[in-house]
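Q: Sharing a sequence plus its predicted fold:
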Amino acid sequence: MWPLTQWTQVNGSVSCDDQATTRLAEGDPWAEGADLRTADTLLYDIVREGLIEKHPTTTNWEASKPRIAKGEIATMWLGSWAVIQMQGAAKQAGADPDDIGFMPFPAQKNGTFCAVAQPDYNQAVNIHSEHKEAARAWIDWFTDKSGYAADNLALSPLKDAPLPDVLKPYEEKRVKILDLDDSKGAQVKFIDNQSEVGIYQPDYRQDLVDLARGATKGSLDDFLNGLGEKWTETQKSLGS
Amino acid sequence: MTDTTEKAAVEPAPGPAAPAPAPVPRTTRLRRGATPWLFLLAPHALLITFTYAPIANMVAYSFTDWDGVSPELHYTGAENFAELFTRPELFEVFWVSGYYLAASVFQIVAALYFATILSFDVRFRNFFKGVLFFPYLINGVAIGFVFLYFFQDGGTLDSVLSLFGVETDRAWLGTPTSANTSLAAVSVWRYLGLNFVLFLGAIQSIPGELYEAAELDGANRWHQFRYIIAPGIKPVLSLTVILSISGSLSVFEIPYIMTGGATGTETFVIQTVKLAFQFNKTGLASPAAVVLLLIVLAVTWVQRRLVPDDKVDLA
């Protein structure tokens, strides 16, 4: 179930816009051509065409790893942190770990693929801390020396750090990596809760999957427009 | 049955007809009067702390816009109730309870059947009692996980069916009807033991002479059930019906663990939990919980009116 929430992270990848979160707060996420509509339509089509697993209502993370390693699963929507686990599973299953690669969301803006960098751990020093130096030393150690980013094939927060190997092809193909401006993030979460849409929850996409595989009746357009309506009405009632 | 308990309750009290004892000193009398209250203190303290105080809190929250975490909350009057009752889609989930209600009819009948059979002399009866009661002892979350494996593609159910040569490619939790039926079946498996034990206890409290006398009069097992057991367990039966109805209205653990409420398996309680903890609307979830409480109370009241709890008289 939780892999479905991953799809919200498409935000910014389609429009290649670092203000994508602001547009969630101020616009309709399911307007024609908007990031979420593009992703949800892709999800719908994938399910509709029967390209997903046989029983999408349950998930088994550990069992899914060897299956992608052996080629029974083609793609999974995950962050680059998952690559190392999949490669480990490939080794265990006797497959070639180099078969596991990473790709951006299949949408281009002016001929460029865009990928959004998601923060993993956010660390800061508390202004009220009595041990600011120790806290700062921990952050420095974590970012400079711990090797956490390299171990997880993640983007290092250090400016001069090289891209992890798995993202080298991004450099060659000129995939644009962008950071989203999150200044409206809290407002998006507030609208999300007030409207009970739940873009950070699996629920509405579970309904979308049910719709696509015919377990429930209805049309995709009605479904997505309904979500957009709930969202924009809540925006209006909040006076934004 | 009722007779004996009444007698037991009356006996310890000194009868007025007893020869007048020497007047008891005042302090002793006071202490004697206080003793039952002291005994009641502990359960009452627990009951008030863990049941009534939270309910009072919940009722209070239902008149606020609290989000569940913030230190600030504002009084909003009956606004939450107004919102709740103007959103009919919030009550549509009660249709799901229909599956559990239908299942509990089956459950009561099965429990009654097993309790009757095992109240007679049957070989291995203690073993069968254990088998039937065991599921009730397992934690609901554990049951949820066990049955996730049971119903999954190529899981236990599919394996067992294929032993009998039945090859199905059915996604047991895949469609609303199938998923709800499967979940209701799990619920039957879990609670059958409880009903069974309640019935068995009631049946065993029926004095044995009655069966003997009935047998001498030429009554067969069905007659014994119809004219001795059925009337004898009527209070327990009506209690079980109330428990089943309120249980069906407030199903939570099994569907929450197994499907999370997806594919049309969302129950009223799951919806309430999501409102409170997923969308931070404690202010709206509290009245939903209050309404559920009132519905359960109303159902109980109606049921008690329809089937009054008569005194059982087997003599």
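A: That came through fine. Numbers count the residues shown, from 1 in each chain, chains lettered A, B, ... in the order given.

Q: Run through the residues that contact the residue nearest to A:Gln194 when sequence neighbours are not counted.
A: Using C-beta to C-beta, 6 or more residues apart in numbering or on different chains and skipping residues adjacent in sequence, the residue nearest A:Gln194 is A:Thr234, 4.9 Å away. Yep, even glycine has a C-beta here, placed from its N, CA and C like the rest. Contact partners of A:Thr234, counting by C-beta atoms under 8 Å, 6 or more residues apart in numbering or on different chains, are A:191, A:194-195.

Q: Same check on B:Glu266?
A: B:93, B:96, B:255.

Q: Please identify which of the contacts of A:Thr234 is nearest to chain B.
A: The closest of these to chain B turns out to be A:Gln194 (C-beta to the nearest C-beta; 7.6 Å).

Q: Which element, helix or strand, includes that closest one?
A: helix A:185-195 (DSSP states H and E).

Q: which helices and strands does that helix pack with?
A: Contacting helix A:185-195 under the criterion 3 or more C-beta pairs under 8 Å, 6 or more residues apart in numbering or on different chains; DSSP states H and E are the following elements: helix A:20-26, helix A:220-237.

Q: Tell me which residues are up against the first one.
A: Right, helix A:20-26. Contacts for helix A:20-26 (C-beta under 8 Å, 6+ apart): A:11-12, A:15, A:17, A:29, A:34-36, A:116, A:180-185, A:187-188, A:191, A:199, A:235, A:240.

Q: Select from the contacts of B:Glu266 the one having the most neighbours.
A: B:Pro255 (29 neighbours; other C-beta atoms under 10 Å in any protein chain shown).

Q: Isn't that one up against B:Val269?
A: No: contact criterion C-beta atoms under 8 Å: B:Pro255 and B:Val269 do not qualify, at 9.1 Å.

Q: mind checking the SS state of the nearest residue to B:Gly232 once chain neighbours are set aside?
A: Leaving aside its sequence neighbours, B:Gly232 sits nearest to B:Ile206 (C-beta to C-beta, 6+ apart; 4.5 Å). Secondary structure, DSSP: H, G, I helix; E, B strand; the rest coil: B:Ile206 is coil.

Q: how many other residues sit next to B:Ile206?
A: 19.

Q: Which phi and psi values does it adopt?
A: With angles defined as degrees, to the nearest 10, B:Ile206 sits at phi -80, psi 130.

Q: distance of it from B:Pro25?
A: Noted for B:Ile206: a distance of 46 Å to B:Pro25, by C-beta to C-beta, to the nearest Å.

Q: Kindly report the same for A:Ala39.
A: 84 Å.

Q: more crowded one of the two?
A: Higher neighbour count among A:Ala39 and B:Pro25: A:Ala39, with 23 against 9, using other C-beta under 10 Å.

Q: pretty sure that one is touching A:Gly12, no?
A: No: with contact defined as C-beta under 8 Å, A:Ala39 does not reach A:Gly12; the gap is 11.0 Å.

Q: buried stuff in stretch B:151-163?
A: B:151-153, B:155, B:157-158 (16 or more other C-beta atoms under 10 Å in any protein chain shown).

Q: Need the max-distance pair from these.
A: B:Asp153 and B:Leu157 (10.1 Å; C-beta to C-beta).

Q: Need the three-state assignment for the nearest residue to B:Thr259 once chain neighbours are set aside.
A: Counting by C-beta to C-beta, 6+ apart, B:Thr259 lies nearest to B:Thr265, which is 4.7 Å off, once chain neighbours are set aside. Under the three-state scheme (three-state DSSP), B:Thr265 adopts coil.

Q: tell me, how many neighbours does B:Thr265 end up with?
A: Neighbours around B:Thr265, by other C-beta under 10 Å: 25.

Q: Also A:Asp17?
A: 19.

Q: any idea how far the residue lying closest to it once chain neighbours are set aside lies from chain B?
A: Counting by C-beta to C-beta, 6+ apart, A:Asp17 lies nearest to A:Arg23, which is 7.0 Å off, once chain neighbours are set aside. Per C-beta to the nearest C-beta, to the nearest Å, A:Arg23 is found 22 Å from chain B.

Q: what's the top strand by length along chain A in contact with?
A: Assignment by DSSP state E gives strand A:112-116 as the longest strand of chain A. With C-beta under 8 Å, 6+ apart as the test, strand A:112-116 has contacts from A:9, A:11-14, A:16, A:20, A:104-107, A:170, A:173-180.

Q: Give me the subset of these lying in strands.
A: Reading strands off those with DSSP E, I get A:176-178.

Q: Quick check: residues of the stretch 151-300 of chain B near chain A?
A: Proximity of the stretch 151-300 of chain B to chain A (C-beta under 8 Å from any C-beta of the partner chain) is limited to residues B:152-153, B:169, B:171, B:173-176, B:179, B:259-264, B:274-275, B:278-281.

Q: from those, which would you call buried?
A: Counted by 16+ other C-beta under 10 Å, those give B:152-153, B:171, B:173-176, B:179, B:259-264, B:274-275, B:278-281 as buried.
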